[in-house]
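Asker: Quick one: sequence and predicted model below, then my questions.
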Protein chains: 2
Amino acid sequence: MKKIALFTLFLTSVVYSQSKDQQMFKDIYTFSLTNSNCYSWLDDLSNKIGSRLSGSVSAEKGIAYAKSKLETLGLDKVYLQEVMVPKWVRGEKETAYILDNKTKTAIPICALGGSIATAKNGLTAEVIEVHSLKELEILGTEKIKGKIVFYNRPFEPENIDAFKSYGNCVDQRFYGAKEAAKYGAAATIVRSMNFRLDDFPHTGAQSYGDLPKEKYIPTAAISTNGAELLSKKLKGNSGLKFYMKLSCQTFEDVLSYNVIGEITGSEHPEKIMIVGGHIDSWDLADGSQDDGAGVVQSMEVLELFKKLNYKPKNTIRAVLFINEENGGKGGKKYEELAKQNKENHIFALESDAGGFSPRGFTFECDAANFEKVNNWKYLFDPYLIQSFTIGGTGSDIGHLTSAKIVKAGLAPDSQRYFDYHHAANDTFDAVNKRELELGAATMASLMYLFDQYGID
Amino acid sequence: MKKIALFTLFLTSVVYSQSKDQQMFKDIYTFSLTNSNCYSWLDDLSNKIGSRLSGSVSAEKGIAYAKSKLETLGLDKVYLQEVMVPKWVRGEKETAYILDNKTKTAIPICALGGSIATAKNGLTAEVIEVHSLKELEILGTEKIKGKIVFYNRPFEPENIDAFKSYGNCVDQRFYGAKEAAKYGAAATIVRSMNFRLDDFPHTGAQSYGDLPKEKYIPTAAISTNGAELLSKKLKGNSGLKFYMKLSCQTFEDVLSYNVIGEITGSEHPEKIMIVGGHIDSWDLADGSQDDGAGVVQSMEVLELFKKLNYKPKNTIRAVLFINEENGGKGGKKYEELAKQNKENHIFALESDAGGFSPRGFTFECDAANFEKVNNWKYLFDPYLIQSFTIGGTGSDIGHLTSAKIVKAGLAPDSQRYFDYHHAANDTFDAVNKRELELGAATMASLMYLFDQYGID
């Protein structure tokens, strides 16, 4: 009898939890789709403030804006964390031409982040096309010296996950200049990180690594259409020349900030769960997808909890990191201070893959926690959140190194992301209101579950 | 011993089938993402031919184009089916104004399909705003007579499936004029079938039903921003007037065609499986999402099978239906001829929900076949095809009434669909190449499975 009674009690409690969780999910999604502010915040960030490259005036405006909006939510704390960030400025719009048999064809390029400038009047050189960093070794200094190395390995279209194609190509952008400089290249250009054939050059981070400064060479991205044309023309005339002019400059590091809003935990204030995105963007556009979306979704998670009168057991922070794009200084500083203050982070969720329809999450966690997540799938199913995988979660939360932490990354539909990523068309109109709101609700739902049931 | 041997044989065969199916899926998706023609076909249909309203010259061009492309695929049969279709012409672009205290505000409207024209100089009347057809009964002739009935019930944002919101609103568009005419309304305007607040009026089908012709009244859609403004102004001045001018005309029905391409079955030529979309569109834009996407995806299924050298057991037809938008005459004619020729259709798949990232399928079938489909989920999972539900599948295949048929509808992500549906922005740039190709591959994969394993 006792056993049966206990079992009945257990079952009743399971059923109660299930229906309580289902109701909370419903409340979260309904609120997000009917009353949330995230889309209007993104409108402001994108259209009133604009691009937010670290160290720029508009980045500071974005920080002040996000802080002011968090302050309207009735949180327990809203504050800034000081972070020194790089300040790199693109300068005058770049120009480039293919110079082929007396014809001069203008080609859309843009300097990669941190690139040095060319000489004031630009740089003209022959071009050598390669498809990997390894090829440089085979070609050697003799064939590379004085030339522009043109990295032209395209995205593999056959991958279902667009980020896989990006991961398999981005070494050309990140290490291209550093490696080519070793062989005396005059400059590098890299095919834009994009499936689509179009006229947008896509900027992004690159690193000269430990090269001495006098060895730095200018480096730029070329649109995919430009890359196709250059490659075609090279086949007809391997001696053609390429002209490029970059006017970028790097200044001393400047003071900037992470923005943090917090609801202090009602039962375990010392246990911290964070949800975040990065408030900086590249300079070519608003950065509405990368990562204005993640910023306003993270803010929305706090708004949702406050408006639904949900009192989290653990401390929940929205962290809007600065400088994800070209240095990661915000993420590093957050972790440095967390360690210094002996904070205990149990969970971190990042949204930095665009504001498209959410499909699921990636997780960095052990088997026990992944099983736990999989047991929650039935709750997400009515909202078409159906993909739960082990994989990389986000570069800002990547700095958090607590042994016991569970990390998650929102995984939106990835197909359109690289149409906009780091390019001049990453603007507000690329974001769909409902997709953005569904993402925010999906993030809040996962935060709710980990807050309720903890990590294993 | 015998039992064990049989069991081993059974297991071996199951494992072989699984890996064979997995390989076929991989081949299908890889081909579609790397070598398919569907995107370039859509480019032609949208940008070289344009809108394809039934009875128009460009619809005939679209039909000829699709037939000519099917003829390049090495199919067993490519042919046209004669269908008589309505011919309705919008005429001069519509104009409308809110006339409020001597101010005149231009409002974007467009006639609904089949609407009659206003008088040559337009029509001016007071406006009565309602939110349902039922409200008309309560208001009665006294309050409605001589006025413009303004249907303004918006899409419910809280539904996850955008089509549910559409389904809950579209009665206003479809029956609005017919019902209001019964109470002597001068005309009707309906809030566009769209979540988003924007300036695009969305046309669509409406029906005067069994009203005598002399009772027909002009009927138009108003943009969502226009509807918001009109509603707001009515609150301040319920006596304001609205001016609208429509110049549409209905002509005699004309001859048009369904386009059919066929691979004849190698084992069961008499068993027919169809995959289709509709080649007609509304007249305001290319109809790239509705339903150029479904047309080229259906053609792509045949291309995939031919290029992968897959010889289907059953007869597989791509059917490009005419006149889905304003009459459904193509679907009806297809079924009429199928019955006349005593054809045995076992499976039908329709793509008419846009070319967005595919999420799964809806099915109309019995429990046994739905269980069968669910056992295939593991094959679709790597391609993020994860939503399999019972529900409406498509209006063209809706006419097929064979008792034993299984019907399916491709279910792409629905969030952006109504941003474009029946509006002037349903153009080629709204379609993402990879999303379109993933949809085609997803359709081919399901066709393959039903071809291999039949229906229960």
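Answerer: Thanks, I have the structure now. Numbering: from 1, shown residues only, chains lettered A, B, ... in the order given.
Asker: which residues does the residue in the stretch 301-450 of chain A that chain B sits nearest to contact?
Answerer: Proximity of the stretch 301-450 of chain A to chain B (CB to the nearest CB) peaks at A:Gln386, 3.9 Å away. Just so you know, the C-beta spots here come from the backbone N, C-alpha and C atoms, and that holds for glycine as well. Contacts for A:Gln386 (CB atoms under 8 Å, 6 or more residues apart in numbering or on different chains) come out as A:359-360, A:377, A:380, B:384, B:386-387.
Asker: I'd like to know which elements the longest helix anywhere in chain A is packed against.
Answerer: What stands out as the longest helix in chain A, according to DSSP state H, is helix A:2-35. On a contact count with 3 or more CB pairs under 8 Å, 6 or more residues apart in numbering or on different chains; DSSP states H and E, helix A:2-35 meets helix A:293-307, helix A:377-380, helix A:433-453.
Asker: how about the residues of the stretch 151-300 of chain A near chain B?
Answerer: Within the stretch 151-300 of chain A, the positions lying close to chain B (CB under 8 Å from any CB of the partner chain) are A:157-158, A:160, A:162, A:195-196.
Asker: actually the stretch 351-456 of chain A, sorry about that
Answerer: When proximity is defined by CB under 8 Å from any CB, the stretch 351-456 of chain A lies next to chain B at A:357, A:359, A:382-384, A:386-387, A:413, A:415-416, A:419, A:432-435, A:438.
Asker: quick revisit: which of the residues in the longest helix of chain A are buried?
Answerer: Of all the residues in helix A:2-35, those buried under the rule 16 or more other CB atoms under 10 Å in any protein chain shown are A:21, A:24-25, A:27-29, A:31-33.
Asker: which among the residues you listed gets closest to B:Asp286?
Answerer: Using CB to CB, A:Leu33 comes nearest to B:Asp286 of the buried residues of helix A:2-35, at 29.6 Å.
Asker: thinking A:Asp291 is in contact with A:Asn323, fair?
Answerer: No - with contacts counted by CB atoms under 8 Å, A:Asp291 stays clear of A:Asn323, the gap being 11.7 Å.
Asker: so for stretch A:97-116, what's the average pLDDT?
Answerer: In this model, stretch A:97-116 has an average pLDDT of 96.
Asker: got the buried residues for it?
Answerer: Across stretch A:97-116, burial judged by 16+ other CB under 10 Å covers A:97-98, A:100, A:107-116.
Asker: One more: stretch A:113-127?
Answerer: The neighbour-count check on stretch A:113-127 (16+ other CB under 10 Å) flags A:113-118, A:122-125, A:127 as buried.
Asker: out of the residues of the stretch 151-300 of chain A next to chain B, which are buried?
Answerer: Here the buried ones among those, as counted with 16+ other CB under 10 Å, turn out to be A:157, A:160, A:162, A:195-196.
Asker: quick one on the thing from earlier: please pick the buried ones from the residues of the stretch 351-456 of chain A next to chain B.
Answerer: Among these, those scoring as buried are A:357, A:359, A:383-384, A:386-387, A:413, A:415-416, A:419, A:432-435, A:438 (criterion: 16+ other CB under 10 Å).
Asker: Can you tell me which of those lies closest to B:Gln206?
Answerer: A:Arg434 (26.2 Å).
Asker: what about A:Asp291 and A:Asn323, which has more around it?
Answerer: The neighbour count for A:Asp291 versus A:Asn323, taken as other CB atoms under 10 Å in any protein chain shown, is higher for A:Asp291 (31 against 27).
Asker: A helix includes that one, no?
Answerer: Yes - A:Asp291 sits within a helix when classified using DSSP: H, G, I helix; E, B strand; the rest coil.
Asker: looking at chain A, which helix or strand is least sure?
Answerer: helix A:2-35 (a mean of 84; mean pLDDT, DSSP states H and E).
Asker: tilt between that helix and helix A:433-453?
Answerer: Here helix A:2-35 runs at an angle of 150 degrees relative to helix A:433-453 (axes from the mean of the first three to the mean of the last three CA atoms, to 10 degrees).
Asker: Which positions in the helix or strand that comes right after helix A:2-35 come out as buried?
Answerer: Next along the chain after helix A:2-35, taking DSSP states H and E as the criterion, comes helix A:38-43. Of all the residues in helix A:38-43, those buried under the rule 16+ other CB under 10 Å are A:38-39, A:41-43.
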